[in-house]
Each structure stands twice: as structure tokens, then as C-alpha cells.
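1. Quick check, what structure comes out for this input:
(one chain, ligands or ions: 1)
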Amino acid sequence: LLSLVIADAALETVPRSIVKHPSVTRDAARKDMHAEHMLLDRSYHHAAMLKLKDASRRGRPDLVHFALLEATSTPLYVKNMLRVYVHTITDSVIIIHENVRLPKSYFRFEGVMEELFKSKNVQFDGKMLMELKGISFPDLIGRIKPELVVGLSRLGVKSSAEEVARIAGNDSLLVVGGFPRGHFSPAVSREIDHMHSINEQSLEAHVVIARILYECEKVLEKK
Ligand SMILES: C[S@@+](CC[C@H](N)C(=O)[O-])C[C@H]1O[C@@H](n2cnc3c(N)ncnc32)[C@H](O)[C@@H]1O
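-> Predicted structure coming up:
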């Protein structure tokens, strides 16, 4: 089965080291929540984030929302021909189960993710929709055991999306970054067998996901 991982994703709850910062406490009061249960979000916590390591790559849950909506709306996912995972920058993995329909509204997506970080899973009508595991990217590869790990990056070998889909075939893991700038962490890069660039420009993750999965769909449907 084909798998997609949104890797090093800028999705996490507010780190303990900044829970007392005024920009965080103000937001927690507005939402009537414990600060550590909120998603870290650069649009609200920018001042507090200046203290964090790797700050420019963190606090963008909106990017993950777009990327997941794109992936879970594709025919491949709807027909159970694609497994979808999110690997976060703080080394957690979200397993998206089959037939999940994510909220289109960001406000509701945020609520679902906050619930997931708190309870480690989200269920509906007794059916598991999402699980959160404290595992690293190499551990995830060890579980999925793909034939090939295919990374997408502007720094990869120039290829068309169609070529990437043909190389990936049926049993690969596609890796797209879930961060606003920069490149994959060394732990993720080390696991990638082939790195491809599908455009001279840097594209948004959801655009790359749409283009690649459409080509994969055509390749897999010919089989
Ligand atoms: C906003 S980009 C991250 C910025 C990074 N400078 C880059 O260009 O790869 C998010 C993700 O989209 C994918 N991506 C962006 N541009 C790409 C390109 N030209 N070819 C292949 N993948 C690309 C990569 O997986 C990247 O991690």
C-alpha cells in the first residue's frame, strides 16, 4: 500500500518552557484553556516563540490542516489505497485511520488536534479516527516497512510528478515536509532513499501532495 507522511510537521502543543509568557497566558485566558493544552501557533505566540529552538519551523498547525485536507480528500485515500501519517517536529506520529473526514473549518480542526494531544486518540461512534504515538520517524519507517522511501524537496533531483509516481509505484512511502521553511531534519533525511524536486520553486506542501497523489492515482489505476 502507498503511504504518505507529512514530516517534521509544525504541529505541537505549547511547550512547557513558554507557558507563562504573556502572549501565551493571554491566549489561554481568551480560550479558557490550560496553556499547555493549546496548539502552538505563531499567529498568537510569536513573541514567546522567540525563545524556542528551531522557532522558524514551528507553530504552523494551519499548514498541517491544509496538507491533511488535501491528502484525505483524494480518491486514493477515499478508496483505502493510501495510508496517511503526520510526523511532528517534536517526534510524535499521528496515524490517520481509514475514512476520516477532517473538519474543513480551522477552528474545529484545532479542537480535534488539541483533543488528540490530550487523549492520544480520537474516536467517533466507537470507531478509531486518529491515534497519537510518541515514536520517531525511523520508528515509523520500521513499522510501515515500505519498499522505498521517496522524499519531496526543492533540493532533490529534478523530476516530473509523473516520474516520481512511477518510481514510487504501489508500496512506497512518500515524504513531504510539514514546515514553512528550511529542509528535513537530519533524522528524516537519513531515511530517504530518493529525493525529488518537482518544481524549480518552493511550493506549499498541499500543492506538492495534490500533484504527486494525482499522478500516483493514474499509475495505480492502470495496474
Ligand atoms: C513550504 S515547503 C518547505 C520549504 C523548503 N524550502 C522547500 O522548498 O522544500 C513544504 C514542503 O513541500 C515540499 N516541496 C516544496 N517545494 C518543492 C519542490 N519544488 N519539489 C518537491 N517538493 C517540494 C517539500 O516536501 C517541503 O518540505
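2. Where do the strands of this structure begin and end?
-> Using DSSP state E, the strands assigned to the chain run over residues 2-9, 82-88, 93-96, 121-124, 127-133, 148-158, 172-177, 194-197.
3. Any chance of CSV for those strands, columns mean neighbour count and distance to Ile141?
-> Backbone N, C-alpha and C define where each C-beta goes, glycine included. Listed next are the strands of the chain as CSV, based on neighbours: other CB atoms under 10 Å; distance: least, CB to CB, whole Å:
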stretch, mean neighbour count, distance to Ile141
strand 2-9, 27, 9
strand 82-88, 23, 10
strand 93-96, 21, 11
strand 121-124, 14, 22
strand 127-133, 16, 13
strand 148-158, 18, 6
strand 172-177, 26, 7
strand 194-197, 20, 14
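4. In a markdown table: these, plus distance to Arg58 and mean pLDDT.
-> Compiled in a markdown table, those are given as follows (distance: least, CB to CB, whole Å; pLDDT from 0 to 100):
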| stretch | distance to Arg58 | mean pLDDT |
| --- | --- | --- |
| strand 2-9 | 10 | 98 |
| strand 82-88 | 10 | 98 |
| strand 93-96 | 16 | 98 |
| strand 121-124 | 22 | 95 |
| strand 127-133 | 17 | 97 |
| strand 148-158 | 19 | 98 |
| strand 172-177 | 13 | 98 |
| strand 194-197 | 23 | 98 |
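5. Out of those, which is closest to the ligand?
-> Of all the strands of the chain, strand 172-177 sits nearest to the ligand, with 2.1 Å by CB to the nearest ligand atom.
6. ok now that closest one, how far from the chain's centre?
-> 10 Å (CA atoms, centre = their mean, to the nearest Å).
7. Strand partners (parallel or antiparallel) of that strand?
-> Here strand 172-177 is paired, per DSSP bridges, with strand 2-9 (parallel), strand 148-158 (parallel).
8. can you redo those strands as a markdown table with distance to the ligand?
-> Listed next are these as a markdown table, based on distance: least, CB to the nearest ligand atom, whole Å:
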| stretch | distance to the ligand |
| --- | --- |
| strand 2-9 | 8 |
| strand 148-158 | 3 |
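9. Just send those strands back as a markdown table, with distance to Asp27 too.
-> Converted to a markdown table, those look like this (distance: least, CB to CB, whole Å):
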| stretch | distance to Asp27 |
| --- | --- |
| strand 2-9 | 21 |
| strand 148-158 | 33 |
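10. which residues sit in contact with the closest residue in space to Leu4 that isn't next to it in sequence?
-> Distance criterion CB to CB, 6 or more residues apart in numbering; nearest residue to Leu4, sequence neighbours excluded, is Leu174 at 4.8 Å. The contact partners of Leu174, by CB atoms under 8 Å, 6 or more residues apart in numbering, come to Leu2, Ser3, Leu4, Val5, Val150, Leu152, Ala168, Ile212, Cys216.
11. and if we set it to 7 Å?
-> Leu4, Val150, Leu152, Ala168, Ile212 (CB atoms under 7 Å, 6 or more residues apart in numbering).
12. quick one: the fourth one from the ligand, how far?
-> Okay, so that is Ala168. 13 Å (CB to the nearest ligand atom, to the nearest Å).
13. I'd say that residue and Cys216 touch.
-> Yes. Judged on CB atoms under 7 Å, Ala168 makes contact with Cys216 at a distance of 6.2 Å.
14. Now the common contact residues for these two.
-> Joint contacts of Ala168 and Cys216 (CB under 7 Å, 6+ apart) are Leu2.
15. Show me what the residue nearest to Val86 when sequence neighbours are not counted is bridged to.
-> Among residues not flanking Val86 along the chain, Ile94 sits closest, at 4.1 Å (CB to CB, 6+ apart). In this entry, Ile94 is beta-bridged to Val86, Leu132, by DSSP bridges.
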